[in-house]
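Undergrad: no letters, just coordinates:
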């Protein structure tokens, strides 16, 4: 009878990776994760000395909690002398964008804050950007997109085809406005349009105040159009053309740091998960799409 732990061809023990493959490859994976964690720690920079904080706003803005918490931590850290807000976002939820804007504005009242736009910083991304002291964009960055939209899903036809219906009892005629299982009434449409108009007015005034532009000029550009970085510079919506390194250098200069590569502390930290890397993006996208079909959402 052959021994499963012997190489029968040479009558010698099999390598450990073949005798205990689960333990061996599990150990290799653990070492990779530990090494990755160490690299992430190095990216966040040393614990001592003056630093430039980097607030990363990446992707659709649907939640603000971690970003706001990190901005507040930078505000309280005396070693952080300046901050760069790195934005790569097409926008997102109105409330979340406003919360991040408020946190950045609070930070900018105490320390120099420079904004660095990546490939896109539009709508809610631009709303956040105007809280900074200076805004850098690349020539082809897509930015601006000043406006508000309301997505109201309507699955009435599909539900009718499936033979499904619902009856909703409310305490007022507008309590059920924007429901997905029927078309809006004219009264509901006027009501929701009023909400959008009020949010839009606040957006325009925020841009005008922070960019020191006449409100009428901002309103004339606020038809939802995107602009390139070069167009935004001409319109007064950004200050300079430059990349992330230019923004970091400017922030360091404003913060009084010595010339050279400053120490960086980046966040908010995203917990690393191998499973999330492979499956998380797909799961998040599916969840967002499912939620979008079930509720009314306001977006910058």
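TA: Done, it's in. Only a predicted model underlies this, so the values are computations on that prediction, with no experimental measurement involved.
Undergrad: rest of the way, CA atoms for contacts and neighbours
TA: OK.
Undergrad: quick check: residue 108 vs residue 178, distance?
TA: As judged by Cα to Cα, to the nearest Å, residue 108 and residue 178 stand 37 Å apart.
Undergrad: compare those two (neighbour count), which wins?
TA: Applying other Cα atoms under 10 Å to residue 108 and residue 178 shows that residue 178 carries more neighbours, namely 23 against 18.
Undergrad: check the more buried one and give its pLDDT.
TA: Looking at residue 178, its pLDDT stands at 80.
Undergrad: thinking it is in contact with residue 184, fair?
TA: Yes - with contact defined as Cα atoms under 8 Å, residue 178 counts as touching residue 184 (6.5 Å).
Undergrad: the closest residue to residue 221 other than its chain neighbours: neighbour count?
TA: Spatial nearest neighbour of residue 221, excluding adjacent residues (Cα to Cα, 6 or more residues apart in numbering): residue 146 at 7.7 Å. When neighbours are counted by other Cα under 10 Å, residue 146 registers 24.
Undergrad: for residue 146, what are its contacts?
TA: Residue 146 sits next to 122, 123, 126, 203, 204, 221, 222, 223, 224, 225, 226, 300 when contact means Cα atoms under 8 Å, 6 or more residues apart in numbering.
Undergrad: show the buried residues in those residues.
TA: Among those, the ones that count as buried by 16 or more other Cα atoms under 10 Å are 122, 123, 126, 203, 204, 221, 222, 226, 300.
Undergrad: pull out the buried residues from the host helix or strand of the fourth one.
TA: Using DSSP states H and E, residue 203 maps to helix 186-211. Of the residues in helix 186-211, those scored as buried under the neighbour-count criterion (16+ other Cα under 10 Å) are 188, 192, 196, 199, 200, 203, 204, 205, 206, 207, 208, 211.
Undergrad: and for stretch 125-144?
TA: Residues of stretch 125-144 classed as buried by neighbour count (16+ other Cα under 10 Å): 125-139, 141-144.
Undergrad: stretch 240-258 too?
TA: For stretch 240-258, by 16+ other Cα under 10 Å, it's 240-242, 244, 246-255, 257.
Undergrad: now the strands for this structure?
TA: Using DSSP state E, the strands of the chain run over 6-7, 12-13, 51-58, 80-89, 113-122, 134-137, 142-144, 149-151, 226-227, 240-241, 263-267, 297-299.
Undergrad: ends of stretch 127-136, what's the gap?
TA: This stretch, stretch 127-136, spans 14 Å end to end (Cα to Cα).
Undergrad: what's the answer for stretch 126-145, then?
TA: 8 Å.
Undergrad: brilliant, that's me finished.
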